[in-house]
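build the 3D model from these lines:
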Amino acid sequence: MPPGIYNTEEDVKASLEVLFLEYQYNCLHEKDAFACDGLGSFYRNIKEDLSTAFTLFSENCLERKYGHSCHKLSLMLREQGSDKPEKEDPMSRKNWLKWEKLGCENGFATSCYNYGVHLTKQNDNKIPKAAYEMFLSACRSKKAFQACDKALLYMYTNEEWTEDCVELAKLGCQVNQMESCLIGAQIYKKGLGGVLENQQKARFFEKKAKYIASVEKAAMG
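Okay, here's the model as predicted:
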């Protein structure tokens, strides 16, 4: 039987059991962060054992600094945490932000983006400096391109440009982030951030922004 092809429900169960045993051995004996992360997901999603999943994710986050586990724990608490006060129950949904922040500190880009969004909402939807730094980190990682829009918006609003502002605009614009295209156009049109004016490059960003707008409009019917 070719790898990944299952003929019966028993085949699926057997494959999952093998995967579980591999995760279990590599996590508990080899202390492998990737395996512990996978084992935590297995307990949450397959075995539906949230308590064990919490232990695995939290240990992997705190001891091995595995940012993805911090993020997964944050997500689990938001979706399935208790309604108790955070000080009474470690598995309270109100503790999600603590783990998202740790995810960012441990280099997981999506956590940086999510935490930055939270700080922005708390600041009347105006991006504070702390959130900007998280968006900037997430964008530069090339793993959370939606953060590029917000990092560039902060630069444009506050006239605080980084040396790589054009590269960040390109990163966001290439994956259809509208604000990145629009701000990229302004950088070249006005020579912002120490960048030399270049109307031809400005038009390129403008054309991409118009294309994104037309696609979004068509999608809305």
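
next SSE downstream of the worst-scoring helix or strand of the chain on mean pLDDT?
Lowest mean confidence among the helices and strands of the chain (mean pLDDT, DSSP states H and E): helix 9-28, at a mean of 89. The helix or strand immediately downstream of helix 9-28 is helix 33-45, counting by DSSP states H and E.

list the buried residues of that next one.
The neighbour-count check on helix 33-45 (16 or more other C-beta atoms under 10 Å) flags 33, 35-44 as buried. For every residue, glycine as well, the C-beta is placed using N, CA and C.

which SSE is immediately downstream of that helix?
helix 50-64.

what packs against that next one?
Helices and strands touching helix 50-64, by 3 or more C-beta pairs under 8 Å, 6 or more residues apart in numbering; DSSP states H and E, are helix 33-45, helix 67-80, helix 96-105.

for the spatially most central residue of the chain, give me its contacts.
For the chain, T110 is the residue whose C-alpha lies nearest the centre (C-alpha atoms, centre = their mean; 1.2 Å). By C-beta atoms under 8 Å, 6 or more residues apart in numbering, the contact list for T110 reads 71, 103, 138, 143-144.

could you redo the last one with a cut-off of 6 Å?
71, 144 (C-beta atoms under 6 Å, 6 or more residues apart in numbering).

likewise for L136?
Contacts of L136 (C-beta under 6 Å, 6+ apart): A151.

so where does it fall, helix or strand?
Using DSSP H and E, L136 maps to helix 129-140.

what is the helix or strand following that helix packed up against?
Next along the chain after helix 129-140, taking DSSP H and E as the criterion, comes helix 146-158. Packing contacts for helix 146-158, counted by 3 or more C-beta pairs under 6 Å, 6 or more residues apart in numbering; DSSP states H and E, involve helix 129-140, helix 165-174, helix 178-190.

pLDDT score assigned to E206?
With respect to pLDDT, E206 scores 97.

try I5
Per-residue pLDDT puts I5 at 56.

now do P2
For P2, pLDDT reads 51.

closest one to C165 among the helices and strands packed on helix 50-64?
With C-beta to C-beta as the measure, helix 96-105 is the member of the helices and strands packed on helix 50-64 nearest C165 (21.5 Å).

number of nearby residues for the closest residue to R44 other than its chain neighbours?
Sequence neighbours aside, A53 is the residue nearest to R44 in space, at 3.8 Å (criterion: C-beta to C-beta, 6 or more residues apart in numbering). When neighbours are defined as other C-beta atoms under 10 Å, A53 has 24 of them.

now the angle from the helix holding L136 to helix 165-174?
Here the directions of helix 129-140 and helix 165-174 differ by 70 degrees (axes from the mean of the first three to the mean of the last three C-alpha atoms, to 10 degrees).

helix 129-140: which residues count as buried?
Per 16+ other C-beta under 10 Å, helix 129-140 contains these buried residues: 131-140.

how about a markdown table for those, with distance to G193 and pLDDT added?
What follows is the buried residues of helix 129-140, written out as a markdown table (distance: C-beta to C-beta, whole Å; pLDDT from 0 to 100):
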| residue | distance to G193 | pLDDT |
| --- | --- | --- |
| A131 | 20 | 97 |
| Y132 | 15 | 97 |
| E133 | 17 | 95 |
| M134 | 20 | 95 |
| F135 | 16 | 96 |
| L136 | 14 | 95 |
| S137 | 18 | 93 |
| A138 | 20 | 95 |
| C139 | 15 | 95 |
| R140 | 16 | 94 |
